[in-house]
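> Mind looking at a prediction? Sequence and model below.
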Amino acid sequence: MERMFGRPIVTQEQMRSRIRELGRQISIDYAGKDLVLVGVLKGAYAFFADLARAIRIPVRVDFIIVTSYGTRAKTSGKVKLVTDLTETIRGKEVLLVEDIVDSGLTVQYLTKTFSKQKPKSIKVCTLLSKPERRVVNVQVQYVGFRIQNDYVVGYGLDYQQKYRNLPYLAVLDQLNEEET
């Protein structure tokens, strides 16, 4: 049975506007610096592409793939690095671009992992933040939107690899307990 997605919580235009603001701020904050944008796939792909275009300074780009959800709607609590960086980040400013920061476990894991490569700095930019879901304290310097504790799909975020292609963000309704 197909799951239905519910009410939109962030429209396409709201996202465009906020991403332009984030791009302006990041451009100011990193002017004259050697910045590497690191996109966390798969979820951040749409946000990452739009954010990169909104940044008006030269940047390097790289991607990693991590997983902590598998096929369930609830995180396993264990972060697994599936694909690592291809660029060196030693001595560079790193901006980790996430789709959503909820528990904080992925950001904590990636920050520790990247720190071993001795970058100049590591900061985090996320489209969505769920502060009430944090189980570890992580710093997020750039936040698109703070949201409630709902399961959100669209604009790169998925449920069982579906709904990533929605051009807006919506709360997914009708999750069965055994799926969470």
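Arrived safely, thanks for sending. Every value quoted in this text rests on a predicted model; they were computed, and no experiment measured them.

> and the closest residue to residue 123 other than its chain neighbours, what pLDDT?
In space, and not counting its chain neighbours, residue 123 is closest to residue 141: 4.5 Å by CB to CB, 6 or more residues apart in numbering. No exception for glycine: its C-beta is placed from N, CA and C like everyone else's. Confidence at residue 141, expressed as pLDDT, is 98.

> go on, residue 69?
56.

> for residue 180, same thing?
For residue 180, the model assigns a pLDDT of 42.

> low-confidence ranges in the protein?
1-6, 69-77, 174-180 (pLDDT under 70).

> where along it do the strands fall?
Remark: strands assigned in the chain by DSSP state E are 5-10, 35-41, 59-67, 80-83, 93-101, 121-129, 142-146, 152-153, 169-172.

> For residue 111, find the nearest of those.
strand 121-129 (5.5 Å; CB to CB).

> so the closest one versus strand 35-41, what angle?
With axes from the mean of the first three to the mean of the last three CA atoms, to 10 degrees as the basis, strand 121-129 and strand 35-41 are set at 40 degrees to each other.

> got the contact list for stretch 127-141?
With CB atoms under 8 Å, 6 or more residues apart in numbering as the test, stretch 127-141 has contacts from 15, 44, 47, 98-105, 107-108, 111, 123-126, 143-149, 152, 155-157, 169.

> buried sites along that stretch?
For stretch 127-141, burial by neighbour count (16 or more other CB atoms under 10 Å) applies to 127-130, 134, 138, 140.

> again with stretch 78-96
For stretch 78-96, the neighbour count (16+ other CB under 10 Å) marks 79, 85, 89, 92-96 as buried.
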